[in-house]
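Visitor: Build the 3D model from these lines:
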Amino acid sequence: MPGGRLTQQERQQIALGVADGLAYAEIARRLDRPTSTITREVMRNGGPIAYRADLAHRATERRTHRRKQAAPRGPEARPEGDGRDPEAVREYEEEFTTLFMAQGLPKMTSRVLTCLFTTDAGSLTAAELVQRLQVSPASVSKAIAFLESQGLVRRERDERRRERYLVDNDVWYQSTMAAAKASAQLAEIARQGVGILGPDTPAAVRLENIARFTDFIGETIARAAEQARDVLFARPATTSDGTAAPGSDHG
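Guide: You can find the predicted model right below:
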């Protein structure tokens, strides 16, 4: 399987494949490239509707040029103090961002969520997000508002009274429960249609099937989320001498 950066000819083939409605996996197979490479290429360059081979190629050249200018030169060009390879981290963050975008999140929202997921602290202020992503405060604010509405991020104030946006185990649990609630709401609306359209009509049968399916999915998600929180994230109970109680690790 070939490695390295995509060529302009490959980008033209990607554009043709996207225009023909081919799946990313099929385009990848024809180019003998990983599917993730094609997905990332399309999503970071306008998505399936706006992808253009020439524009994508020029954008990649500009990004490469900026990275070369920003990278330290000479013997001091070493991995960061924490031992991480900056280029590997950057590529991983792009992969994560592309995944979120493929699932329907806007690009800036995806970048903010990736930034929060991959920072060691698990939380950042608006100013820190602006600095890390090199975007406007308004862009960060809009992305955070959307993430909060989806239960993917929560905010708290630190000792300096600054608002911090964070992702933790509880946020993941709350987001999952929100998805379960959305499934329950869909089931409720679908069942309302059964009565309105008539219980013996094809449309009503379809709506009842939707309701039963989403009911089952929502209940399963909620039950799994509760179990996961209890098993994976529960803190061990302690005895009076401060040691963990037997069996408190759910093992």
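Visitor: Show me the protein divided up by domain.
Guide: Segmentation of the chain into domains, based on automatic domain parsing, reads 8-61, 95-166, 169-232.
Visitor: now those domains in a markdown table, with distance to residue 89 and mean pLDDT?
Guide: All C-beta spots, glycine's among them, are computed from the backbone N, C-alpha and C. Listed next are the domains of the chain as a markdown table, based on distance: least, C-beta to C-beta, whole Å; pLDDT from 0 to 100:
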| stretch | distance to residue 89 | mean pLDDT |
| --- | --- | --- |
| domain 8-61 | 15 | 87 |
| domain 95-166 | 8 | 89 |
| domain 169-232 | 22 | 90 |
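Visitor: Make TSV from the ones you listed and add mean neighbour count and distance to residue 83 to it.
Guide: As requested, the domains of the chain are exported to TSV (neighbours: other C-beta atoms under 10 Å; distance: least, C-beta to C-beta, whole Å):
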stretch	mean neighbour count	distance to residue 83
domain 8-61	17	25
domain 95-166	16	13
domain 169-232	15	26
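Visitor: Could you dump those domains into TSV and include distance to residue 87?
Guide: Listed next are the domains of the chain as TSV, based on distance: least, C-beta to C-beta, whole Å:
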stretch	distance to residue 87
domain 8-61	15
domain 95-166	13
domain 169-232	29
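Visitor: Packing partners of the lengthiest helix in the chain?
Guide: Longest helix in the chain by number of residues (criterion: DSSP state H): helix 202-232. Contacts defined by 3 or more C-beta pairs under 8 Å, 6 or more residues apart in numbering; DSSP states H and E place helix 202-232 against helix 169-197.
Visitor: Against residue 45, how distant is the closest residue to residue 8 other than its chain neighbours?
Guide: Once flanking residues are discounted, residue 8 sits nearest to residue 57: 4.8 Å by C-beta to C-beta, 6 or more residues apart in numbering. Distance, residue 57 to residue 45, by C-beta to C-beta, to the nearest Å: 9 Å.
Visitor: can you check residue 138 too?
Guide: From residue 138 to residue 45 the distance is 23 Å (C-beta to C-beta).
Visitor: On the three-state scheme, residue 155 is what?
Guide: When classified by DSSP: H, G, I helix; E, B strand; the rest coil, residue 155 comes out as strand.
Visitor: okay but it is in contact with residue 167, surely?
Guide: No: the criterion here is C-beta atoms under 8 Å, and residue 155 misses it with residue 167 at 11.1 Å.
Visitor: residues contacting the closest residue to residue 153 other than its chain neighbours?
Guide: Counting by C-beta to C-beta, 6+ apart, residue 153 lies nearest to residue 147, which is 4.0 Å off, once chain neighbours are set aside. The contact partners of residue 147, by C-beta atoms under 8 Å, 6 or more residues apart in numbering, come to 109, 112-113, 153, 165.
Visitor: do residue 107 as well
Guide: 43-44, 97, 101.
Visitor: and with 6 Å instead?
Guide: residue 101 (C-beta atoms under 6 Å, 6 or more residues apart in numbering).
Visitor: Now the phi/psi pair for it, please.
Guide: When read as degrees, to the nearest 10, the backbone of residue 107 gives phi -60, psi -50.
Visitor: For the most centrally placed residue in the chain, what is the enclosing helix or strand?
Guide: For the chain, the residue lying nearest the average C-alpha position, counting by C-alpha atoms, centre = their mean, turns out to be residue 100 (3.2 Å). Element membership for residue 100 (DSSP states H and E) is helix 86-102.
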